[in-house]
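Novice: Provide a 3D model corresponding to the input given below.
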Amino acid sequence: MPLYKLEEFDPSYRETFGGDDIKSLNLYTEGGTEVGAVADALVDENGRFRYLVIDTRLDAVGKKILLPIGLARINYSAGCVYVDGLSKQQVEHLPEYRENIIVDHEFEENVRKVYRSTSGNITYDRENYTYEQEPSLYGLNKPDHQTFRLYEERLIANKHRVKTGEVSVSKHIETQTARVTVPIERERVVIDRVQSPDIDIRVDPNEIKFQEGEVARIDVYQETPEIHKEAFVREEVRVRKVVERDIVEAEDLIRREELDIDNSGLGDLNVKENSLEIHHDSV
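Specialist: Residues are numbered from 1 along each chain as shown. Prediction:
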């Protein structure tokens, strides 16, 4: 199975681990002796940690070696990595890791041989070997590596639009009878024949000329109404919509898991910002 340097596998690995950088950690023994620093990490094709690359500084012996992840305890809050035993003799016998080498099956087996002297024996079969065969070297399920999650529930508020109805505005035609009054004028001829002593005037016979066919003409007019229909804008109807805002409150019971620790008489419990340490005072 090929192995990859951490940054080659995940260029943004610092963001993946929430800002923590394993390359900045120093390596200590259980007794608190600094034996080196983490220079890099090697992961498999699934992103599982397999080795820490350690730049050792142990009794004037210095070289880069591979430390199987199962032998290390990473404490980001304390800024260090603890190793379950790493002797000068082991460092001397471990193959030196260089940046330009390929970590193949043979190189890994030479690393495992050195650590198996303290972690047990196994018959190596290159074709069938898996990391799970040696949990002491690669397993992270030991008490020092156990990880479990504390869960909590949260109320998440979302919203979506729901059609609650629609308003349709249309028009129709209504008919009705309309009446309009137009005053008109009409002429008529009135003939008055006056026989009265007041007009009994004597006429000189010589002035009288009797003749037939004399006609008096008077033009008679009358007005006739002209009525037609025209269309006018009576009113305008404007259709629009407005958004009304409201706040909807919701409440529910949510659950949250908290940590219960039973040190069973192992000593005082020291609570740090992001870690817990149990100090055991031997008798």
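
Novice: what about stretch 227-244, average pLDDT?
Specialist: Average pLDDT, stretch 227-244: 86.

Novice: okay, how far is it across that stretch, tip to tip?
Specialist: 52 Å (C-alpha to C-alpha, to the nearest Å).

Novice: what residues does it touch?
Specialist: The contact list for stretch 227-244, computed with C-beta atoms under 8 Å, 6 or more residues apart in numbering, reads V167, V169, K171, V180, V182. Quick note: C-beta positions are derived from backbone N, CA and C, even for glycine.

Novice: from memory I69 sits against Y138, does it?
Specialist: Yes. Counting by C-beta atoms under 8 Å, I69 touches Y138, with 6.2 Å between them.

Novice: so what sits against both of these two?
Specialist: Common contact partners of I69 and Y138 (C-beta under 8 Å, 6+ apart): R50.

Novice: which SSE is V91 in?
Specialist: For V91, the host element (DSSP states H and E) is helix 88-93.

Novice: beta partners for the residue nearest to F9 when sequence neighbours are not counted?
Specialist: On the basis of C-beta to C-beta, 6 or more residues apart in numbering, the spatially nearest residue to F9 that is not a chain neighbour turns out to be V43, at 5.2 Å. Listed beta-bridge partners, V43: Y4, F49 (assigned using DSSP bridges).

Novice: for V43, which residues are in contact?
Specialist: Neighbouring residues of V43 by C-beta under 8 Å, 6+ apart: L3, Y4, L6, F9, F49, R50.

Novice: and which of these is nearest to Y82?
Specialist: Taking C-beta to C-beta as the measure, Y82 lies nearest F49 of those, at 15.3 Å.

Novice: how much space between the closest one and L3?
Specialist: According to C-beta to C-beta, to the nearest Å, F49 and L3 sit 10 Å apart.

Novice: residues that sit against both of the two, list them.
Specialist: Joint contacts of F49 and L3 (C-beta under 8 Å, 6+ apart) are L42, V43.

Novice: may I see the buried residues of stretch 174-190?
Specialist: When burial is assessed from 16 or more other C-beta atoms under 10 Å, stretch 174-190 yields no buried residues.

Novice: quick one: end-to-end length of it, please.
Specialist: End-to-end distance of stretch 174-190 (C-alpha to C-alpha): 49 Å.

Novice: then stretch 22-37?
Specialist: This stretch, stretch 22-37, spans 10 Å end to end (C-alpha to C-alpha).
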